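Participant: model this:
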Amino acid sequence: MKKSDLDYFKKILIDKKEQIIKNINYCSRDLKELMHSATSDELDAASINTDTNLEYCIATQQQKELQDIEISLEKINNNSYGICEMCEDDIDIARLKAKPNAKFCIICKEISEKNR
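Facilitator: Residues are numbered from 1 along each chain as shown. Now for the predicted structure:
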């Protein structure tokens, strides 16, 4: 992969990382507020519980994506970015543009999903 491509993806990944960190902080604040909010009845308690579960799921998903971005940034630094972790072929640039933290090429991703 060309240096200009690596620079392009590094910027995208760093921007995405910063946005996810903001999202995680926002979710954390929301969770704290929900946990400390007073409930006046069972319906309020159920609503707060549902909102808390949703915020937790979103934060968990964002943490996983943040880890994947960190791994991709490490790969850029050690010149292994854009290489499929399964077959070790190059990941198509179009796939990386759609998902810059992709670990697998399209074919291996499909295999991975079928095996789940």
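
Participant: Need the single longest helix in this protein, by residues.
Facilitator: helix 42-77 (DSSP state H).

Participant: So A102 is in contact with I93, correct?
Facilitator: No - with contact defined as C-beta atoms under 8 Å, A102 does not reach I93; the gap is 10.8 Å. For the C-beta atoms, the positions are set from N, CA and C on the backbone; glycine is no exception.

Participant: Compare those two (neighbour count), which wins?
Facilitator: A102 (20 against 14; other C-beta atoms under 10 Å).

Participant: Now do that one, the pLDDT please.
Facilitator: A102 carries a pLDDT value of 96.

Participant: how about S72, what does it touch?
Facilitator: Counting by C-beta atoms under 8 Å, 6 or more residues apart in numbering, S72 touches 9, 13, 81, 100-101.

Participant: can I see the domain layout of this protein?
Facilitator: 1-80, 82-115 (the TED database).

Participant: shaky segments in the chain?
Facilitator: Applying pLDDT under 70 to the chain picks out residues 30-49, 51.

Participant: Could you report the separation of the residue most central in space within it from E88?
Facilitator: For the chain, the residue nearest the mean C-alpha position is E65 (1.7 Å; C-alpha atoms, centre = their mean). Plainly put, E65 is 23 Å away from E88 if you go by C-beta to C-beta, to the nearest Å.

Participant: repeat for T60
Facilitator: In this structure, T60 and E88 are 30 Å apart, going by C-beta to C-beta.

Participant: How about C57?
Facilitator: 33 Å.

Participant: try K75
Facilitator: Distance, K75 to E88, using C-beta to C-beta: 13 Å.

Participant: which of the two has more neighbours?
Facilitator: Neighbour totals were compared for K75 and E88, and K75 leads with 19 against 10 (other C-beta under 10 Å).

Participant: burial count for D7?
Facilitator: Neighbour count for D7, taken as other C-beta under 10 Å: 11.

Participant: Mind telling me what element it is part of?
Facilitator: If you go by DSSP states H and E, D7 is part of helix 3-36.

Participant: How about the contacts made by the residue nearest to C108 when sequence neighbours are not counted?
Facilitator: Leaving out its chain neighbours, the residue that sits closest to C108 by C-beta to C-beta, 6 or more residues apart in numbering is M86, at 3.9 Å. Shown in contact with M86 (C-beta under 8 Å, 6+ apart): 104-105, 108, 111-112.
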